[in-house]
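Chemist: output the structure for:
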Amino acid sequence: MKIGALKEPSFENRVSLTPDVIDALQKLGFSISIESGAGNQAFFSDSDYQQAGAKVLPKSELLGDSDILVSIHQTDADTFSKIAKSKLYIGTFSPLAQPTKFKEMANFGMKVFSMDMIPRITRAQSMDVLSSQATVSGYKAVLLAAANYSRFFPMLTTAAGTITPARALILGAGVAGLQAIATARRLGAVVDVFDTRPEVREQCMSLGAKFVEVEGAADASGSGGYAVEQSEDYQRRQKEAIAKYAEKADIIVTTALIPGKKAPVLITKEMVESMRKGSVIVDLAAVMGGNCELTQNDATILHNGVTIIGNSNLPSTQPMDASKMYAKNIVNFLKLFVNKEKQFNINLEDEIINTCLIADQGEIRHKAILSLLT
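Modeler: The predicted model follows:
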């Protein structure tokens, strides 16, 4: 089987396959082609791929030469029209967030696997692109906050006096939130963290954060690590608790997402206006409307002296390591399709494969996506 890695859109710096995974894919029985220039923005040259054993081809040749196409973002309609229906297309397509756009892609008839639909089970951890890329987002969110913050993060004792440490509030203790906690603590901030799941308390405390709990949250154990919708009474008490901590926070990083739905508003306009000037909010849920009422996706605004950063693609700002992590997720996913004799087989009895095959022969297979289209 031949795999072809497509060049990403101009706004994306990452690439779906990196030179360091070429050998592993070849050992599985695949031959690899990369679209010319696909790795440039992630600092992988065409010669890097060639030295690793991959072919570098223009897009027109790549599309005709590959049995399996891989990317991060969904490619354009013109490219789809040139891809044979018999081919497999693997990427991260956010079908729950943009079902209509995904339906348009599915109409071209390929077998489409969306990596962001991988079930969050133990066996799938090595191929969980949401977790690998959330690690990057949580880390970079704190660095971005530090770069825009008007003061130091750590406590400093100087000849000019003592500088108190920054207070960071992390909303959501999933993968991104935990990485944000760890990074903020490394920089010397005092960290408070809020999550609706009491079972993450120990993880947060082990990283040096204070865990803020509001009792009575809906059970999120079956949500795959995501937030779930809460009752009106809980939301009221939740906002009251968050407001107390937001008022004294210098840095807020928000990470709460509910699959296929608008992000819950956790930071209101009034909360922002209660924060002291020079503070920073980094909203990682910006692409789904934001956890802050004032967030604008892909924009940085200043409101009442508070900087609010809505960046939905922070992994693209750390393209080399983010690409390497994504590429390893792809390799581990493709291992599911190869048996001991290196024969390729789509085994729909495998829970991971079955869940990720979102479209086949022009038909949407996933019930949740179908419900969003009706």
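Chemist: next one: the helix or strand hosting residue 193 to chain centre, how far?
Modeler: According to DSSP states H and E, residue 193 maps onto strand 190-194. Put simply, strand 190-194 sits 22 Å off its chain's centre (C-alpha atoms, centre = their mean, to the nearest Å).
Chemist: and if you look at stretch 337-348?
Modeler: 28 Å.
Chemist: equivalent analysis for stretch 325-334, please.
Modeler: How far stretch 325-334 lies from its chain's middle: 15 Å, per C-alpha atoms, centre = their mean.
Chemist: again with stretch 336-352
Modeler: With C-alpha atoms, centre = their mean, you get 26 Å for stretch 336-352.
Chemist: can you name the residues in contact with it?
Modeler: 1, 28-29, 111, 118-119, 121, 123-124, 127, 333, 353-354, 357 (C-beta atoms under 8 Å, 6 or more residues apart in numbering). The C-beta positions use only the backbone N, C-alpha and C, and glycine is treated the same way.
Chemist: buried residues, it. List them.
Modeler: Neighbour-count burial for stretch 336-352 flags 336, 337, 338, 352 (criterion: 16 or more other C-beta atoms under 10 Å).
Chemist: before we move on, back to that, which of the contacts of stretch 336-352 has the largest number of neighbours?
Modeler: Across the contacts of stretch 336-352, neighbour numbers were computed from other C-beta atoms under 10 Å; residue 118 holds the maximum, 24 neighbours.
Chemist: just to revisit the earlier point, want to throw the buried residues of stretch 336-352 into JSON lines with secondary structure?
Modeler: Conversion of the buried residues of stretch 336-352 to JSON lines gives the following (DSSP: H, G, I helix; E, B strand; the rest coil):
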{"residue": "336", "secondary structure": "helix"}
{"residue": "337", "secondary structure": "helix"}
{"residue": "338", "secondary structure": "strand"}
{"residue": "352", "secondary structure": "helix"}
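Chemist: identify the farthest-apart pair in the residues you listed.
Modeler: 338 and 352 (13.7 Å; C-beta to C-beta).
Chemist: ok, back up a step: what's the following helix or strand past the strand holding residue 193 packed up against?
Modeler: With elements assigned by DSSP H and E, the helix or strand that comes after strand 190-194 is helix 201-206. Applying 3 or more C-beta pairs under 8 Å, 6 or more residues apart in numbering; DSSP states H and E, we find helix 201-206 packed against helix 175-186, strand 210-212.
Chemist: weakest of the ones you listed in terms of mean pLDDT?
Modeler: Sorting those by mean pLDDT places strand 210-212 lowest, at a mean of 93.
Chemist: CA atoms only: put the helix or strand following it into CSV for me.
Modeler: For strand 210-212, the following helix or strand on the C-terminal side (DSSP H and E) is helix 232-247. This file holds the C-alpha atoms of helix 232-247, laid out as CSV (Å, rounded to 0.1, in the frame of the first residue of the first chain):
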residue,chain,number,x,y,z
GLU,A,232,-28.8,25.4,35.6
ASP,A,233,-28.4,25.3,39.3
TYR,A,234,-24.9,23.9,39.0
GLN,A,235,-24.0,26.4,36.4
ARG,A,236,-25.1,29.2,38.7
ARG,A,237,-23.0,27.9,41.6
GLN,A,238,-20.1,27.2,39.2
LYS,A,239,-20.1,30.8,38.0
GLU,A,240,-20.2,32.1,41.5
ALA,A,241,-17.2,30.0,42.4
ILE,A,242,-15.2,30.9,39.3
ALA,A,243,-16.0,34.6,39.7
LYS,A,244,-14.3,34.6,43.1
TYR,A,245,-11.1,33.1,41.7
ALA,A,246,-11.2,35.1,38.4
GLU,A,247,-11.2,38.4,40.4
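Chemist: scan this protein for its longest helix.
Modeler: Among the segments of the chain that qualify as a helix by DSSP state H, the longest is helix 129-148.
Chemist: what comes up buried for stretch 236-247?
Modeler: Neighbour-count burial for stretch 236-247 flags 237, 238, 239, 242, 245, 246 (criterion: 16+ other C-beta under 10 Å).
Chemist: now do the same end-to-end measure for stretch 33-44.
Modeler: Taking C-alpha to C-alpha, to the nearest Å, the first and last residues of stretch 33-44 lie 14 Å apart.
Chemist: buried residues in it?
Modeler: Within stretch 33-44, the residues that count as buried by 16+ other C-beta under 10 Å are 33, 34, 35, 36, 38, 39, 41, 42, 44.
Chemist: could you do stretch 107-117 as well?
Modeler: Neighbour counts over stretch 107-117 (16+ other C-beta under 10 Å) mark 108, 109, 110, 111, 112, 113, 114, 115, 116, 117 as buried.
Chemist: just curious, which of those residues is nearest to residue 327?
Modeler: Residue 327 lies nearest to residue 115 out of these, by C-beta to C-beta, at 11.5 Å.
Chemist: any low-confidence regions in the stretch 51-200 of the chain?
Modeler: Applying pLDDT under 70 to the stretch 51-200 of the chain picks out no residues at all.
Chemist: grab the CA positions of stretch 357-372 and hand them over as CSV.
Modeler: In CSV, the C-alpha atoms belonging to stretch 357-372 read as follows (Å, rounded to 0.1, in the frame of the first residue of the first chain):
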residue,chain,number,x,y,z
LEU,A,357,-14.5,5.4,9.8
ILE,A,358,-16.9,8.3,9.5
ALA,A,359,-17.8,8.1,5.8
ASP,A,360,-17.7,5.3,3.2
GLN,A,361,-18.9,5.4,-0.5
GLY,A,362,-20.5,8.8,0.1
GLU,A,363,-22.5,7.8,3.1
ILE,A,364,-22.0,9.1,6.6
ARG,A,365,-21.7,6.2,9.1
HIS,A,366,-21.6,8.0,12.4
LYS,A,367,-25.0,8.4,14.2
ALA,A,368,-24.0,11.6,16.0
ILE,A,369,-23.0,13.3,12.8
LEU,A,370,-26.1,12.1,11.0
SER,A,371,-28.2,13.6,13.8
LEU,A,372,-26.5,17.0,13.4
